[in-house]
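Chemist: need a 3D model of the following:
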Amino acid sequence: MIIRNILYVSLFFFAIIAFDDQPPIQVNSSSNDPQIDEQIPNIREELNHEILRLNDEVNRMNQIVEHLPDVKIKQGYIHEVMEDESGLYLMIDFAEMIRNDDISPNNFHIENEIDDLTKVEAVEDVELYVLDSTNLVFSPLEEFEDKLSVYPRLFNLYFVGDKLVMATEQYLP
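Modeler: Predicted coordinates:
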């Protein structure tokens, strides 16, 4: 139960990571009210401060989740979902997003040393999240399978022991 709660909290913070590589918020609009126009720089500063605070909090939560016993976080492309009387399984091509790569466009690249599918068992109540624009949204299993066929999606995969408990689509700038 504790691991599940921590994973829920980390999911919230991973959604914020989508904005990690984004420049600070720019408010270019002005109103017809001079008092409101005077407040815009303060609001912008408060929002940017809050984003930085949340990013720091995300990093702290990541540190905790990554060091919990039996919790493993990997990345990969989910190719297929299979369900039978013995359980729920996903076919995954494990890969890794490498950030801060000054050579590649957008400062990241995907490493996929072995282009091979691995059959992975998922818990019965696995939680699957896909991006809608830059927001992570829960996807029921049936809808999730349909979304997999639209385009290749890189996922952050959360395992407890050897079972997948959650998959969240990785934002790729």
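Chemist: which parts of the chain are strands?
Modeler: For the chain, the strands defined by DSSP state E cover 71-84, 87-99, 108-111, 118-132, 135-138, 154-160, 163-169.
Chemist: strand partners of the fifth one, parallel vs antiparallel please.
Modeler: I take that to be strand 135-138. strand 118-132 (antiparallel) (DSSP bridges).
Chemist: got the contact list for the strand it pairs with?
Modeler: Contact partners of strand 118-132, identified using Cβ atoms under 8 Å, 6 or more residues apart in numbering, comprise 11, 18, 82, 87-94, 136-141, 144, 147, 153, 157, 160, 162-169, 171. Every C-beta, even on glycine, is put in place using the N, C-alpha and C of the backbone.
Chemist: who touches residue 96 in this structure?
Modeler: Residues in contact with residue 96, defined by Cβ under 8 Å, 6+ apart, are 74-75, 110-112.
Chemist: for residue 33, which of the strands of the chain is the nearest?
Modeler: Put simply, out of the strands of the chain the one that sits nearest residue 33 is strand 135-138, at 30.6 Å, with distance taken as Cβ to Cβ.
Chemist: pull out the buried positions in that closest one.
Modeler: Neighbour counts using 16 or more other Cβ atoms under 10 Å place residue 136 of strand 135-138 among the buried residues.
Chemist: now that strand, how far from the centre of its chain.
Modeler: In terms of Cα atoms, centre = their mean, to the nearest Å, the centre of strand 135-138 is found 9 Å from the chain centre.
Chemist: what does stretch 102-111 give?
Modeler: Computed by Cα atoms, centre = their mean, the chain-centroid distance of stretch 102-111 equals 18 Å.
Chemist: sorry, back to before: out of the contacts of residue 96, who has the most neighbours?
Modeler: Comparing the contacts of residue 96 by number of neighbours (other Cβ atoms under 10 Å), residue 75 comes first, having 18 neighbours.
Chemist: quick check: closest non-adjacent residue to it.
Modeler: Closest residue to residue 75 in three dimensions, ignoring its sequence neighbours and counting by Cβ to Cβ, 6 or more residues apart in numbering: residue 96, at 5.2 Å.
Chemist: that neighbour and residue 112, how far apart?
Modeler: Using Cβ to Cβ, to the nearest Å, one gets 8 Å for the distance from residue 96 to residue 112.
Chemist: residue 64 now?
Modeler: Residue 64 is 28 Å from residue 112, by Cβ to Cβ.
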